[in-house]
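> Task: produce atomic coordinates for the following.
(chains A and B)
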Amino acid sequence: MIVTYPHMGYMWICVKAMLEYLGVEVALPPPTTKKTLLLGVKHGPEFACMPLKLNLGNFMEAAELGADTMVMAGGCGPCRFGYYAQVEHAILQDLGYRYDLVVLEPPEKHIGELLGKIRQITGNRSWRQVIKGINFGYKKAWAVDDLERMAHYTRPRELFHGATDRAFKTALAEIVAVRQPEELPAARERAMAIMQNVEIDEHRQVVRVGIVGEIYTLLEPFANMDIEKKLGEMGVEVDRSIFLSEWINDHLFMGFGRNVRSSKEALKKAVAYLGHFVGGHGLETVGNTILYAEKGYDGVLQVLPFTCMPEIVAQSILPRVSQDLGIPVMTLIVDEQSGEAGLITRLEAFVDLLARKKRFREGLA
Amino acid sequence: MTVKVGIPRALLYYYFYPQWLSFFQHLDVEPVVSHRTTRGLLEKGLRSTVDEACLPVKLAVGHVLDLKDRVDYLFLPRLVSMARREYICPKFLGFPDMVRNTIDHLPPVIDINLDLYHKRSNAYNFFQTLGKMFTKNPARIYLAYRASCQAHGNYCKELESGALPGELKTLANSNGKNGGMADITIAVIGHPYNIYDRFISMDMIKRLFESGVNVVTADHLADSVIRQEAGKLPKQLFWTLNQRMIGAAYHYFNDPEIHGLIHVASFGCGPDSMTGELIERFARSRSTKPLLVLTLDEHTGEAGIVTRLEAFLDMVRWRRNLADVAATL
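All right, here's what the predicted structure looks like:
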């Protein structure tokens, strides 16, 4: 059995660590590229959202590496993602790929269903070890997220162009290389040190932008055309509303982890504008926009794949939030037709406006 | 003066209107239904909605705008779930908030949750909360609720025996048959708010009737049949309307009386993008019946639809004749 799973940003690091620790053979899909997207667009449903098409492309490319078992997360709606695995599997079957499908999702009747599926992947490892493996994966996700946060801080302030990206790459390699949980803390220290060595100008004036929206397009740099890097190079310090480790803590560990930012606060804030959860991260998008406004950010950027239902609900509400709280909000919709030059132009215009507004306000004060 | 409650002729109006109208009438509240869809009404909706929203939502906003200045309350219930472990669509969940945050000067909005997702939830809670807004007498609410349930039950029975909802009722004879003139039967599969709205669907059902076609829809099947057919999916669908669509499609694909199917989707509809794919794959691999997929949006041209319908019907008839010839050989 050779297991594969789709890409979502740096998620592969944490899942690979977990599975390999448990002795499962993993065939990682090649990094998502234009070719992946083309494969997905060709064979996927026309109006499906972009993550499905990229997933599909990932699975097709992974099959070439010998993968025979696809692992997907599931859900119980109302977001389309809950039915991804079944539709993708049906498409792959029709194309002649022979994949075994394992969907990890909230059980319909009792917890045994989910445990059985985990057993299917992990074989006869003890539950103690499985839990240890999951914890190892979580810790790795956490380390990667910390590195990303540091990169968000240093990128707009770096003295030498590209220094942050080079450091981030080396630091990430340190984390990826770890195979045993005991070695992780030391590797984490080393990686942090690499990031801290990036020379920065601490007093540089930067614009602060919060990024909200749909989880896949936020986490996957290919899907959002490396928006964090582009903004960073324009002198913008970004904060992303969703990090993988926070998501794991909120949804898999029921928020038990301490000292981790949780989406609960955002959900509470959102109620004034949106009275019910709408699936996906629609409610979080509204809530986080309010939080960013309260924390004094200069602007908010919403990113979503074309036709994403929960985010469209949020998108229709954000203009009112923006008006009430006086925070500029821009919505970016991505799909297979998105062009990079158009994105850069829009980002530059947005950032110019934010910087101007900030200067103006500081001039008054 | 009686209180006027505005009900937009959109979204699940086509599924619930007998029940809602009867409930309001029993409480001496005057239900006001918005006008029939027109180009102007849709245009108004388009201007007040984000571009990315789907056609039914834009249309529903148009109907809200049509009502807002002539009613005391707007009835926009938050339709969370119509059956256990099922939702409708995220946009239905957020619709009252989308309206409230994009349109100014609205009358008070009634956005009570209709939520049957959990085991112990029931529809009475919804009607009780609704009734309390207009009367203090619990017995009256209960009686109105009973009457409304009966109205809904009768309506479902009528549909199952072949009637069509709303204005289309008069088109079909009571048994749904096309006055004995029809030679083929086509199943129209789509969301009720797309196929029953005569403007949005470009009067598709009437056109089919006029071309000598019997029309059946998902609403002509009993719920149990639909659920059984939809149960063949690898995982239960969590969208009620799409479960109805896919169950009906599977059923009609296997029904020898049906000569072809038309799948009507609105552009950018999330659930349809998934179930449409499954229906198409089923049609290709396990059926020989022709399937026409029509996607509607605010730019859809009438001529294009007519041409495609005509071509489709020609093909269906041609195939049927071939089959007849083959049978005599």
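> A:L301 and A:G210 touch, don't they?
Yes - counting by CB atoms under 8 Å, A:L301 touches A:G210, with 7.3 Å between them. (Each C-beta comes from the backbone N, C-alpha and C, glycine too.)
> higher neighbour count, the two?
Shown here are A:L301 and A:G210; by other CB atoms under 10 Å in any protein chain shown, A:L301 has more neighbours (27 against 22).
> Relative to the whole chain's centre, how far out is the strand or helix carrying that one?
Element membership of A:L301 [criterion: DSSP states H and E] is strand A:299-305. With CA atoms, centre = their mean, to the nearest Å as the basis, strand A:299-305 stands 13 Å off its chain's centre.
> And stretch A:184-197, by the same measure?
22 Å.
> and it, which residues are buried?
For stretch A:184-197, burial by neighbour count (16 or more other CB atoms under 10 Å in any protein chain shown) applies to A:184, A:187-188, A:191-192, A:194-195.
> who's in contact with that stretch?
Stretch A:184-197 is touched from outside by A:136, A:139-140, A:143, A:146-147, A:150-151, A:154, A:167-168, A:170-172, A:174-175, A:177-178, with contacts defined as CB atoms under 8 Å, 6 or more residues apart in numbering or on different chains.
> mind checking how far A:T217 is from chain B?
14 Å (CB to the nearest CB, to the nearest Å).
> my guess is that residue contacts A:V334, does it?
Yes - taking contacts as CB under 8 Å, A:T217 lies within contact range of A:V334: 5.8 Å.
> Compare neighbour counts for those two and give me the winner.
With neighbours defined as other CB under 10 Å, A:T217 and A:V334 compare such that A:T217 has more, 30 against 23.
> Might you report the residue contacts of B:L159?
B:L159 touches B:165, B:219-220, counting by CB under 8 Å, 6+ apart.
> Can I get stretch A:297-306 as CSV, trimmed to CA atoms?
The C-alpha trace of stretch A:297-306 is given here as CSV (Å, rounded to 0.1, in the frame of the first residue of the first chain):
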residue,chain,number,x,y,z
TYR,A,297,-4.8,46.7,10.7
ASP,A,298,-4.7,48.9,7.6
GLY,A,299,-6.7,46.6,5.4
VAL,A,300,-8.2,43.2,4.8
LEU,A,301,-7.9,41.0,1.8
GLN,A,302,-10.4,38.2,1.2
VAL,A,303,-9.3,35.3,-1.0
LEU,A,304,-11.7,32.7,-2.4
PRO,A,305,-11.9,30.3,-5.3
PHE,A,306,-14.5,31.2,-7.9
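> ok now it, how far from the chain's centre?
With CA atoms, centre = their mean, you get 14 Å for stretch A:297-306.
> Run through chain A and note the low-pLDDT ranges.
Within chain A, the ranges that satisfy pLDDT under 70 run A:255, A:257-258, A:365.
> Tell me where it has strands.
Along chain A, counting by DSSP state E, strands occupy A:2-4, A:25-26, A:69-73, A:100-104, A:207-213, A:236-240, A:299-305, A:329-334.
> Select, out of those strands, the one closest to chain B.
strand A:329-334 (6.6 Å; CB to the nearest CB).
> Now the stretch 151-300 of chain B against chain A: closest residue?
For the stretch 151-300 of chain B, CB to the nearest CB, closest residue to chain A: B:F238, 3.3 Å.
> And that residue, how far from A:V271?
24 Å (CB to CB, to the nearest Å).
> More neighbours: which of those two?
Under the neighbour definition other CB under 10 Å, B:F238 and A:V271 were set side by side, and B:F238 has more, 24 against 12.
> where in the stretch 1-150 of chain B is pLDDT low?
Using pLDDT under 70, the stretch 1-150 of chain B drops low at B:1.
> Would you list the phi and psi of the most centrally placed residue in chain B?
In chain B, the C-alpha nearest the mean C-alpha coordinate belongs to B:P192, at 1.4 Å (CA atoms, centre = their mean). As for B:P192, its main-chain torsions (degrees, to the nearest 10) stand at phi -50, psi -40.
> Just list the residues touching it, thanks.
B:12, B:14-15, B:165, B:219, B:241 are the contacts of B:P192 under CB under 8 Å, 6+ apart.
> OK, now which residue of the stretch 251-365 of chain A is nearest to chain B?
A:V313 (3.4 Å).
> just checking, B:A248 touches B:I226?
Yes - with contact defined as CB under 8 Å, B:A248 and B:I226 form a contacting pair (5.8 Å).
> Tell me which of these two has more neighbours.
When B:A248 and B:I226 are compared for neighbours, B:A248 comes out ahead with 27 against 21, by other CB under 10 Å.
> Ignoring the adjacent residues along the chain, who's closest to that one?
B:A218 (3.5 Å; CB to CB, 6 or more residues apart in numbering or on different chains).
> how about the residues of the stretch 101-250 of chain A that lie near chain B?
A:103, A:108 (CB under 8 Å from any CB of the partner chain).
> can you map out the helices along the stretch 101-250 of chain A?
A:112-122, A:127-154, A:163-177, A:184-196, A:215-219, A:227-233, A:244-251 (DSSP state H, counting those that start in this stretch).
> thinking again about what came up before, hmm, which two among the contacts of B:P192 are most spread apart?
Greatest spacing in the contacts of B:P192, by CB to CB: B:P165 and B:L241 (14.3 Å).
> Could you chop the chain up by domain?
Let's take chain A. A:2-125, A:206-365 (automatic domain parsing).
> Please refer instead to chain B.
Using automatic domain parsing, chain B is parsed into the domains B:4-158, B:163-328.
> Rebuild the ones you listed as CSV, extending it with distance to A:R119.
Output for the domains of chain B, formatted as CSV (distance: least, CB to CB, whole Å):
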stretch, distance to A:R119
domain B:4-158, 25
domain B:163-328, 20
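> sorry, back to before: mind listing what the closest residue to the residue of the stretch 151-300 of chain B closest to chain A other than its chain neighbours touches?
Distance criterion CB to CB, 6+ apart; nearest residue to B:F238, sequence neighbours excluded, is A:G77 at 3.3 Å. By CB under 8 Å, 6+ apart, the contact set of A:G77 is A:83, A:279, B:86-87, B:238-239.
> Ramachandran angles for the spatially closest residue to A:Q93 that is not a sequence neighbour?
Spatial nearest neighbour of A:Q93, chain neighbours left out: A:Y99 (7.7 Å); criterion: CB to CB, 6+ apart. When quoted as degrees, to the nearest 10, the phi and psi of A:Y99 stand at phi -110, psi 140.
> State the distance from A:Y99 to chain B.
13 Å.
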